[in-house]
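J.: Have a look at this prediction, sequence included:
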Amino acid sequence: MGSSPPRRLPPRGFLGLALIALAWPANWLLPGLRTHLLFLPLWLGYVLFLDGWIERRDGSSPCTRARRGFVGLFLISVPLWWLFEAANRRLGNWEYLGRERFGEVEYTLLCSLAFSTVVPAVLVSAEWARGFGWVERLGRGPRLAPSSARSRAGSARSGGGRALCVGLFAAGLALLAGCLRWPLSCYPLLWVAGVFLLEPLLLARGRRSLLFHVTRGDWRPWIALWTGGLVCGFFWELWNVHSYPKWIYHIPASSIPGVNGPKLFEMPLLGYLGYWPFALVVYQWKELWLSEPELLVNGSGGCDQRQAPEIHA
């Protein structure tokens, strides 16, 4: 990045550690309702600590690259998770124990504060993962599409580019319709549908997209997002297990091996795979609304930060 990494964790990293050290035991040990007050400081601590770790290691971090954009991550996070909550009204895959203890306005405000940490937590986790050498080594892989398809998708005047956008969006609508129409069997499609719905919007607006990377054989952002999603998901489930209020899952009985199998905390082990597409959706949502901070860049070369060519739908 051009600047040498600081020798010590920056102050916000220590602040993050302090928040975790205070909020984690309090959230697990205090009696009665407490998580509605402790979820935000706990996850703010997580975000600040990892962001400080990234700056110490790489010399810059999402916060230092664009402070306004970093704050914006918290703002755009709220509507994203409310969209998933809206879908869950039909699917019924999770519920919040203790929900009945709050009025409607209080519940909405407290949930919105908690939901504000989702996007920054996932993205700083991915940024943290991106800096490891094994991601660099594994991230150069096959191109998802041949060069001819890449050129066609990138042409601003190309009918092929418009067809790609329409096809992706139609696939996303079909996946979403399927999970809403048959929630007992198709509920996992919710987490994949968002990827297909958001990708053509990014392509049409000329923003950095997932396809932009993999059509060039660069899988590093994907691997970082998958890893960051799993790390973040692990801590979501860990810190939830002794919380109150807390969420629990209602997974329909399935013939698919492992769906109702062993659990890690409240989540069936196979369910952690859902954090992979969810992390991709979080990245797409960020790129749709915010051009800064630049993400998934590190001192060893990072990913290509040129914007994808604009496609006029």
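T.: Here it is on my side, so go on.

J.: can we go C-alpha only for contacts and neighbour counts from here?
T.: Noted.

J.: Which secondary structure element is home to Phe278?
T.: Using DSSP states H and E, Phe278 sits within helix 275-289.

J.: Name all residues that make contact with Val135.
T.: Applying CA atoms under 8 Å, 6 or more residues apart in numbering, we find Val135 in contact with Ala129, Arg220, Ile223, Ala224.

J.: which stretches of the stretch 1-150 of the chain form strands?
T.: 94-97 (DSSP state E, counting those that start in this stretch).

J.: Wasn't Glu199 part of a helix?
T.: Yes. Membership of Glu199 in a helix is supported by DSSP: H, G, I helix; E, B strand; the rest coil.

J.: Could you list every helix and strand that the helix holding Phe278 packs against?
T.: Applying 3 or more CA pairs under 8 Å, 6 or more residues apart in numbering; DSSP states H and E, one finds that helix 275-289 contacts helix 67-91, helix 118-130, helix 189-205, helix 220-240.

J.: so of those helices, which one's packed in deepest?
T.: helix 118-130 (a mean of 26; mean count of other CA atoms under 10 Å).

J.: continuing past the helix or strand bottoming out on mean pLDDT in the chain, what's the next helix or strand?
T.: Across the helices and strands of the chain, mean pLDDT, DSSP states H and E gives its lowest value to helix 147-154, namely a mean of 45. The first helix or strand that comes after helix 147-154 along the chain, using DSSP H and E, is helix 159-181.

J.: ok and that next one relative to helix 67-91, angle-wise?
T.: With axes from the mean of the first three to the mean of the last three CA atoms, to 10 degrees applied, the angle from helix 159-181 to helix 67-91 works out at 50 degrees.

J.: Low-confidence ranges, this protein, go.
T.: Along the chain, the model assigns pLDDT under 70 to residues 1-6, 141, 144-160, 254-260, 297-313.

J.: hmm, 50 instead?
T.: Residue ranges of the chain with pLDDT under 50: 1, 146-153, 155-157, 299-313.

J.: sorry, back to before: which of the contacts of Val135 sit farthest apart?
T.: Ala129 and Arg220 (9.8 Å; CA to CA).

J.: State the distance from the nearest residue to Ser61 once chain neighbours are set aside to Glu237.
T.: Nearest residue to Ser61, sequence neighbours excluded (CA to CA, 6 or more residues apart in numbering): Glu55, at 4.8 Å. Separation of Glu55 from Glu237 (CA to CA, to the nearest Å): 26 Å.

J.: ditto for Cys186
T.: From Cys186 to Glu237 the distance is 23 Å (CA to CA).

J.: What are the buried residues along the helix holding Phe278?
T.: Neighbour counts using 16 or more other CA atoms under 10 Å place 275-288 of helix 275-289 among the buried residues.

J.: Would you mind measuring from Ala86 to Pro142?
T.: 37 Å.

J.: so what's the residue lying closest to Pro120 once chain neighbours are set aside up against?
T.: Closest residue in space to Pro120, ignoring its immediate chain neighbours: Leu73 at 5.5 Å, by CA to CA, 6+ apart. Leu73 sits next to Ser116, Val119, Pro120, Lys286 when contact means CA under 8 Å, 6+ apart.
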